[in-house]
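>>> predicted model follows, preceded by the sequence.
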Amino acid sequence: MFRPDETVSKVLGVLKESGRYEAAVSSDDSVGIITVRDLLGVSNPSRAKIAGVWRATGSVGPSARVLDVVETLMRDGIRAIPVTSGGEIEGLASQTDIIGAMCEVSELSEVPARGLVHSPVISVAGDESVSKTRKLMLDRDISHIPVIEKGRLSGEVTADIIVHAYITPASKTTTGDRIGERGSRFPGKVTSIMDRQPLAVGPDASARQVVSDMRDHRKGACYVTDGDGGVLGIITPRELMALITSLRAEEELPVYIMGLSDEDFFERSIAEDKLRRVIERGMRFRPDITEVSVRIKRAQRKGERTRYDLTARALSPNDQTIAGAEGWDLLETFDELCSTLERALRRTKQEQPRQRRRRGRR
C-alpha cells in the first residue's frame, strides 16, 4: 500500500520484486489502486509522484458478494478494488483472485472457450518497434498485444514487459531525454523483449482449461488459435468474469410492496410490474441494488376518496436511495413515485474520478 506523495519508482520496485500487477493507494479522503499498466506512460519514475497516475476506485467491505465485486470491476474498467474495514485497507480483491477461484468451478468444463473470445485482436508484426507498440497500448488502453509472424502467433508483448524492461530509474537518462536531441526511450524491436511462450489453446478448449492455465502459468491473457497457429481471438479476465455477471440475470431482485390488502390484487400486480421495470433501468446506474420496497400509507380520506402517501427505498450494501410521492389516485401516484425513484437513482450514480495520467515525452 502506498500514498499519493510517494514516487513511482518505489511502487515500481515493489511490484517487480513481488511479481504483482497492482497495489493499493490510500489518501486522506479516498482509496484506489495503481497498476503496472498505469506506469506505462511515466517518463521519469524517480521524480514522478503516484498522485499523477493512480486511480481512485472506492472500496468494498469484506462481506461484499463476489458477484457485486465483479460487476464493479467490469463497470469501472479496473483490475482490482481495495477491501476496507473500519476505514482501513485490509487487502485487494482483484481479477487474478477471481480467476484463480474460478478454477474450482467444475461447470466451466462445459463452457467452450471459443464462445468467450474477443475478436478481432489488435496485433503487431515481429519487426514492429517497442516504441510504437507501447504507444498502441496507451492509445487503445490495452495491456496485451500478440506478435504475429507469417500468420502465426510467435509471442506477445505486455505492459508488464515494457515497464520492467524500460521504465526504471536507471533508464531515466538517455539520449532522447537530453534537451535539443531526439531519440527513443524504448529502442529495439518487439522480438527482442516479447514473451516467446504466450498462453494459447485450441478452439475446442474449455473455459475451465483457460482459467486453470492462466492461473498456473501466471498469464494475464490467453489466445485461441486454429490448427495452423493463427489467432482466432483473445480471452482476458474481463471475458471470463462475464460468465459470473450472467448469474445476475437468473436472480429476481426482491421487491416488496407494503400497505395493500389482499383485495388490491390488480393494483399490486400493476404496481410491481412498473416498479420492476424502473429498477431494471435504474440498475444500469446502480447495479449494487439488492432490494426495493414501497410502503403505502392511506394519509387521509375525503368522502369516498383516499389520499395516498408512498415511500420507496432502494437498498444497496452501503446506502439507500429514498423517493416519495403523494396523491389521490393510487396508480397515478405510483407512476409519480417510479419517476421520482428513477431520477434519484440516476443522481446517485457514482461518478468515476478522472484519471490523472502523465505520458512520457515522445
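Arrived safely, thanks for sending. Numbering: from 1, shown residues only.
>>> give me the below-cutoff pLDDT ranges for the stretch 251-362 of the chain.
Counting by pLDDT under 70, the stretch 251-362 of the chain contains low-confidence residues at 251, 262-266, 302, 349-362.
>>> please look at V201 and V224 and confirm they touch.
Yes - using CB atoms under 8 Å, V201 is in contact with V224, at 6.0 Å. C-beta here means a position set from N, CA and C on the backbone, and glycine is covered the same way.
>>> shared neighbours, those two?
A113 (CB atoms under 8 Å, 6 or more residues apart in numbering).
>>> neighbour count for those two, which is higher?
For V201 versus V224, neighbours defined as other CB atoms under 10 Å are more numerous around V224 (25 against 17).
>>> which residues in the stretch 201-350 of the chain form helices?
Using DSSP state H, counting those that start in this stretch, the helices of the stretch 201-350 of the chain run over residues 207-217, 237-245, 265-282, 330-347.
>>> quick one: closest of these to R3.
For the helices of the stretch 201-350 of the chain, proximity to R3 was assessed by CB to CB; helix 237-245 is nearest, at 27.4 Å.
>>> what residues sit buried inside the closest one?
Buried residues in helix 237-245, counted by 16 or more other CB atoms under 10 Å: P237, R238, E239, L240, M241, L243, I244.
>>> now these as TSV including pLDDT?
Listed next are the buried residues of helix 237-245 as TSV, based on pLDDT from 0 to 100:
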residue	pLDDT
P237	93
R238	91
E239	92
L240	93
M241	92
L243	89
I244	87
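>>> closest to T35 among the residues you listed?
P237 (12.6 Å).
>>> name all residues that make contact with the closest one.
Counting by CB under 8 Å, 6+ apart, P237 touches R79, Q95, T96, I98, I99, M214, G220.
>>> next step: those residues restricted to helices.
The members of the contacts of P237 that map onto helices under DSSP state H are Q95, T96, I98, I99, M214.
>>> closest to E156 among those?
M214 (13.0 Å).
>>> that closest one against A207, yeah?
No - look at M214 against A207 with CB under 8 Å: they stay out of range, at 10.6 Å.
>>> shared neighbours of those two, which are they?
Common neighbours of M214 and A207, using CB under 8 Å, 6+ apart, do not exist here.
>>> and the gap between the closest residue to L337 other than its chain neighbours and I270?
Among residues not flanking L337 along the chain, A325 sits closest, at 3.9 Å (CB to CB, 6 or more residues apart in numbering). Between A325 and I270 the computed distance is 15 Å (CB to CB, to the nearest Å).
>>> what pLDDT does H164 get?
According to the prediction, H164 has pLDDT 90.
>>> right, and the secondary structure at the closest residue to it other than its chain neighbours would be what?
Spatial nearest neighbour of H164, chain neighbours left out: K16 (5.4 Å); criterion: CB to CB, 6+ apart. When classified by DSSP: H, G, I helix; E, B strand; the rest coil, K16 comes out as helix.
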